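Participant: Kindly return the folded structure for what I paste below:
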Amino acid sequence: MATKKTSKPRSVSHDEGLHQSLKDDPELAQAYLNVALEDDDPAAFLIAVKHVAAAYGLSMAEVATVAGLSREHVYELLSGKGNPKWSNIRAILKVLGVHLEVRLDSTTTPA
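Facilitator: As a prediction, the model looks like this:
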């Protein structure tokens, strides 16, 4: 009698799973970026942008070309290291089809 082999489901890395989730659900990608933006560490947002770009299937070279930046510069910016210019961040977000907006925090009042 032959036994049937059962194969384990292929496991995926954390990043692969995250990228697939972000790709499949644009609202999740939006929420992911918003949460990262609220982090006290500005690097968290830049790393989140890198994950969203990867989820959309964009290489850093493609992001750089469309944003008009060097590939090396984009890698440095999205590594969470360095001090990016606002114009560079906006250029990268534009490639992703993302824009930032300001909203009032209803839990606090201006001083």
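Participant: alpha carbons only for contacts and neighbour counts from here, please
Facilitator: Noted.
Participant: name the element L33 belongs to?
Facilitator: helix 26-38 (DSSP states H and E).
Participant: Send me that helix as CSV with only the CA atoms.
Facilitator: C-alpha atoms of helix 26-38 as CSV (Å, rounded to 0.1, in the frame of the first residue of the first chain):
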residue,chain,number,x,y,z
PRO,A,26,-4.7,49.1,-0.4
GLU,A,27,-6.6,50.3,2.7
LEU,A,28,-4.2,48.2,4.8
ALA,A,29,-1.3,49.8,3.1
GLN,A,30,-2.7,53.2,3.9
ALA,A,31,-3.3,52.3,7.5
TYR,A,32,0.2,50.8,7.7
LEU,A,33,1.8,54.1,6.5
ASN,A,34,-0.4,56.2,8.8
VAL,A,35,0.6,54.2,11.9
ALA,A,36,4.3,54.4,10.9
LEU,A,37,3.9,58.1,10.4
GLU,A,38,2.7,58.5,14.0
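Participant: now what about it, what contacts it?
Facilitator: With CA atoms under 8 Å, 6 or more residues apart in numbering as the contact definition, helix 26-38 has outside contacts at S21, L22, K23, A44, F45, A48, V49, V52.
Participant: out of the residues you listed, who's nearest V12?
Facilitator: V12 lies nearest to S21 out of the contacts of helix 26-38, by CA to CA, at 12.1 Å.
Participant: Okay, that closest one and D41: tell me how far apart.
Facilitator: Applying CA to CA, to the nearest Å, the value for S21 to D41 is 24 Å.
Participant: Count the residues that sit near the residue lying closest to S59 once chain neighbours are set aside.
Facilitator: Leaving aside its chain neighbours, S59 sits nearest to A53 (7.3 Å; criterion: CA to CA, 6 or more residues apart in numbering). Using other CA atoms under 10 Å, A53 has 22 neighbouring residues.
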